[in-house]
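Asks: generate coordinates for the sequence data below:
(2 chains)
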Amino acid sequence: MPLDLIASAFGPVQQEYLLEARQMQAMSFVAHIPLVCFGVAFPALVVFAEWRHHRTGNPVYRTLARRWSKIMLALFAVGVVSGTILSFELGLLWPGFMAAFGDVFGLGFTLEGFSFFIEAIFIAIYVYGWDRLPPRTHLLTGIPVILSGITGSFFVIAVNAWMNNPSGFRMENGEAVDIDPWGALFGNSYLAHEMVHMYLAAYIVAGFLLTSIYGWQWLKGNRSDYVRTALTISLTAAAIAAPVQLIVGDWAARTVAQEQPIKLASFEDLQETTKGAPFDIPPGIEIPDMLSLLAFHDPNATVTGLDSVPPDDRPPVGIVRASFLTMVGIGSLLAALAAVFLYVRVRRRRLPESRWFWRAAIAAGPLSVVALIAGWVTTEVGRQPWVVYGVMRTEDAVTGAGGIPVGYATLAIVYAGVLAAVIWILRRLAARPLEEDAATAPEEAHG
Amino acid sequence: MAEIPIILILVGLAAYTVLGGADFGAGLWELTARGERGSALRDHTHRSMAPVWEANHVWLIFVLVMAWTCYPEAFGSIVSTLTIPLFVAGVGIILRGAGYALRAGSSTPREEGRISLLFAFSSILTPFALGLVVGGIASGRVPVGNAQGDEITSWFNATSLLIGVLAVATAAYLAAVYLAADARRLGSDDVAEAFRTRALVAGVVAGILAAAGPFVLSSDAPDIYDGLTSGAGLVALLASGVAGVAALALVATRRYGAARVAAAAAVAAIVAGWGLAQQPEILPGLTIDEAAASDTTITAVLIGFAAGLAILVPSLVYLFRLVLSGRFDPAAPRPGPSLADEAAAAADPSAHSSLRTTLATGAVTAIGAGVTFVSEGPLRSVGVALMIGGAVACFLAVASLDEVEPSALPFPTPERD
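Replies: Numbers count the residues shown, from 1 in each chain, chains lettered A, B, ... in the order given. Below is the predicted model of the structure:
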């Protein structure tokens, strides 16, 4: 079969349910991304706790590390399946995208597969190896879990960075030719900031969610060493990542301003190209020149407006703008909360006492998840109408198969069940007496 | 060059059938285990599979990824036509994994039984659905293009149904052999015998289905039939048959280790036979050569693959050595308390970071942040490196600061709400 015939077999199809297909994909990402945060950040916190036990001999660190490692494994198991679904959906919903560009970005997933494999292997060794491996060996088996969590997300983000800022190929008669997969994935100016941004987000989300759980116990009056240590580790991680995230966010926004000006314009619903563009904060506060200053670090810089492209080439501005403001707003609040914690921790050598601090800290967990998802909506809905920015439209990538609403509804029910299950597991694990994890006597590895 | 990835895909498919299949089969045995004795069988099944199931599932991801990277148009055609069984398989995989995660939270046999019942049926669904997919491809029902094949008959046909049922039986068989060997290692002879019986039953069923295969194929998928009954395809088919019979004989004589190898060989041979029978076409009218990505892409994938394998193989060997040597068994001798105490004895209770270190790491982070904020290009990279390195050091320092009032109690008095 000649090449051009193959390419034309993947020409645009009629798909009534494009929006549902996008929502279905988005729903799966929303389910998966918080788990990714735990996959990336949790191993480092667990290994840190175990390392502190080795350093100080304080058994509370060991109890904490053991307890957390079981939660880590349960969340990893759920993350494995939600991640598998994503790779199924890439093909099931977007066969046009895969057929046209699988050979450009697929390398990233091949490498991610290996990372994931290594993570699965060592997470099992680490969790089942408590008391069965010599302590130092056990600590060391945690290191590959940390590293493969980082590399795994690195490769996936490389693919996302490529979708937003594609390079490493040339289009010829609807076919990608002269493909340079290494350059496409790793020679991309979007990769570094997306990676660092997501990585910090992982620590913020994992840290603040753990804080929510233990902060609740703290507020109820549980001031045990166990709760204090759990809070110290999780809050410190989140509190250092949150202020740094502001700087990385600025870096990301400046890169977007250069490479995806229409996406930037939709952050602020900027209709016309403007020199010294203002920044609007709802409800109705306008700061002159601020958008230019934020996007280009120059109050007089010219910011491209939405009207520079036809309406068909603009993203759904309302969603993008709302998500962007949500992310920035929550991110700033989290950074402020972080500053309070760091001050008290370093200056007073203790956890904050104020009940208001703890109420805010408990709210920070769910809010950080909202910010995380809002951030992904900003970057991915902001990429629309393109699946490969400026190269392939989402409507040309979608499947021609029917039944998308049925699949969407089925998956929504399944995810609701899995969410209920995860909450049930976490409550059950938390209800187990701590002595079970403190015991140096033989104890059943149950999980 | 164009054929290398398809060989790796078939190897991955065989590995997934053997390892992931054993996992799904284990779910099937959990489903059928009832009562007091059933509880023992379920416990054993769960304990044997839990440390390895995630690793077993990565093979499927590997097959998918290799397919879409190296044969993108063929992949797009297959998934868009065979959407329904693939979606069903995906849902089955979610339920299977959720079942494992849920077990971590269950604490009574009654709960465990319910979870097994609730989720184990997905263990039948998934291999069956994936078998339907293989049947659709093998019988030439997937034309090139976006959803160009029939949404229903592409997988609802004699070949698909045969391979689907065969996949379930094979999974049940592989699981029973694995679990019997594992039970004997643990010294639970009655559990081992129970799984031996199950292995023999499942093995015979799988054998009968496999023997019926040629008759179904000859009318429903003549091209594959011709390929499997001549030349190299015939050799593979016969090898698979011989290995399958040998595996059954080995189970009957309780040589489970060798039986596992023979069963894996039977699976590998039939997968190879499929590849040999279908080549040079990957889909009707589309040869492997035409479907393959450019040499640059395939070379890149192979380099990545080799590098990944160099790390993966030792890791996998380490895991399976620990599992198969019984280090994770409940009754295994533990280095346990003595070693933990040893580590604790070497520790220094006053090992805390100083305020000076903390402030220094904070300063490095702040300087890095400042440089990142004001600069672009290479200088910004330096800033980012300083900022991230500083943040990591700062975390270590702040989290290790000593506290003012260390309480005497390591644990709270248990408090339930």
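
Asks: what stretches of the chain score poorly on pLDDT?
Replies: Looking at chain A here, since you left the chain open. A:1-7, A:438-447 (pLDDT under 70).

Asks: um, chain B though
Replies: B:34-36, B:51, B:104-110, B:112-113, B:117-119, B:330-346, B:404-417.

Asks: how about it: which residue is closest to chain A?
Replies: residue B:69 (2.5 Å; CB to the nearest CB). No exception for glycine: its C-beta is placed from N, CA and C like everyone else's.

Asks: for that residue, give its distance to residue B:305.
Replies: 10 Å (CB to CB, to the nearest Å).

Asks: again with residue A:318
Replies: Residue A:318 is 44 Å from residue B:305, by CB to CB.

Asks: of these two, who's got more company?
Replies: Ranked by neighbour count (other CB atoms under 10 Å in any protein chain shown), residue A:318 and residue B:305 place residue B:305 first, with 22 against 11.

Asks: surely that one is in contact with residue A:107?
Replies: No. With contact defined as CB atoms under 8 Å, residue B:305 does not reach residue A:107; the gap is 9.6 Å.

Asks: what packs against the helix or strand that contains residue A:329?
Replies: Applying DSSP states H and E as the criterion places residue A:329 in helix A:317-343. In terms of contacts (3 or more CB pairs under 8 Å, 6 or more residues apart in numbering or on different chains; DSSP states H and E), helix A:317-343 is packed against helix A:225-259, helix A:261-267, helix A:355-381.

Asks: what's the very next helix or strand once past the last one in contact with?
Replies: Next in sequence after helix A:355-381, counting helices and strands by DSSP H and E, comes strand A:386-388. Strand A:386-388 is contacted by residues A:94, A:97, A:101, A:162, A:163, A:166, A:392, A:393, A:394, A:396, A:397 when judged by CB atoms under 8 Å, 6 or more residues apart in numbering or on different chains.

Asks: sorry, back to before: confirm the residue of chain B closest to chain A sits in a helix?
Replies: Yes. The assignment for residue B:69, made by DSSP: H, G, I helix; E, B strand; the rest coil, places it in a helix.

Asks: what sits closest to it if chain neighbours are left out?
Replies: Spatial nearest neighbour of residue B:69, excluding adjacent residues (CB to CB, 6 or more residues apart in numbering or on different chains): residue A:106 at 2.5 Å.

Asks: residue of the stretch 51-200 of chain A closest to chain B, please.
Replies: residue A:106 (2.5 Å).

Asks: what's around that residue, how many residues?
Replies: Neighbour tally, residue A:106, other CB under 10 Å: 29.

Asks: still on that earlier bit, OK, contacts around the residue nearest to residue B:69?
Replies: Per CB under 8 Å, 6+ apart, neighbours of residue A:106: A:181, B:65, B:68, B:69, B:70, B:72, B:293, B:297, B:301.

Asks: could you list every residue that touches the fourth one?
Replies: Under the criterion of CB under 8 Å, 6+ apart, the contact partners of residue B:69 comprise A:102, A:103, A:106, A:107, A:109, A:110, B:5, B:293, B:297, B:301.

Asks: what's the answer for the third one, then?
Replies: For residue B:68, the set of contacting residues under the criterion of CB under 8 Å, 6+ apart consists of A:90, A:91, A:98, A:102, A:106, A:109, B:75, B:76.

Asks: still on that earlier bit, intersection of neighbour lists for residue B:69 and residue B:305?
Replies: Joint contacts of residue B:69 and residue B:305 (CB under 8 Å, 6+ apart) are residue A:110.

Asks: ok so, going back, and of the contacts of residue B:69, the nearest to residue A:223?
Replies: residue A:109 (46.8 Å; CB to CB).

Asks: could you say which helix or strand holds the closest one?
Replies: helix A:95-128.

Asks: tell me which helix or strand comes right after that helix.
Replies: Helix A:95-128 is succeeded, C-terminally, by helix A:135-164 (DSSP H and E).

Asks: helices and strands around that following helix, which ones?
Replies: helix A:18-56, helix A:95-128, helix A:181-186, helix A:191-219, strand A:386-388, helix B:336-346.

Asks: one more pass at 6 Å, please.
Replies: Contacts defined by 3 or more CB pairs under 6 Å, 6 or more residues apart in numbering or on different chains; DSSP states H and E place helix A:135-164 against helix A:18-56, helix A:95-128, helix A:181-186, helix A:191-219.

Asks: the inter-axis angle of that helix versus helix A:225-259?
Replies: Taking axes from the mean of the first three to the mean of the last three CA atoms, to 10 degrees, one finds helix A:135-164 and helix A:225-259 inclined to each other by 30 degrees.

Asks: closest residue of the stretch 201-350 of chain A to chain B?
Replies: Chain B sits closest to residue A:224 of the stretch 201-350 of chain A, with a gap of 3.4 Å, by CB to the nearest CB.

Asks: determine the number of other residues adjacent to that residue.
Replies: 19.

Asks: before we move on, what about residue A:370?
Replies: Residue A:370: 15 neighbours (other CB under 10 Å).

Asks: how about the helices in the stretch 151-300 of chain B?
Replies: Remark: helices assigned in the stretch 151-300 of chain B by DSSP state H, counting those that start in this stretch are B:158-185, B:189-220, B:222-228, B:231-252, B:256-278, B:288-291, B:295-324.

Asks: dump those helices into a markdown table; add distance to chain A as well.
Replies: Below are these laid out as a markdown table (distance: least, CB to the nearest CB, whole Å):
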| stretch | distance to chain A |
| --- | --- |
| helix B:158-185 | 14 |
| helix B:189-220 | 17 |
| helix B:222-228 | 17 |
| helix B:231-252 | 23 |
| helix B:256-278 | 16 |
| helix B:288-291 | 6 |
| helix B:295-324 | 3 |
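
Asks: most packed of those helices?
Replies: For the helices of the stretch 151-300 of chain B, the largest average neighbour count (mean count of other CB atoms under 10 Å in any protein chain shown) is found in helix B:158-185, namely a mean of 25.
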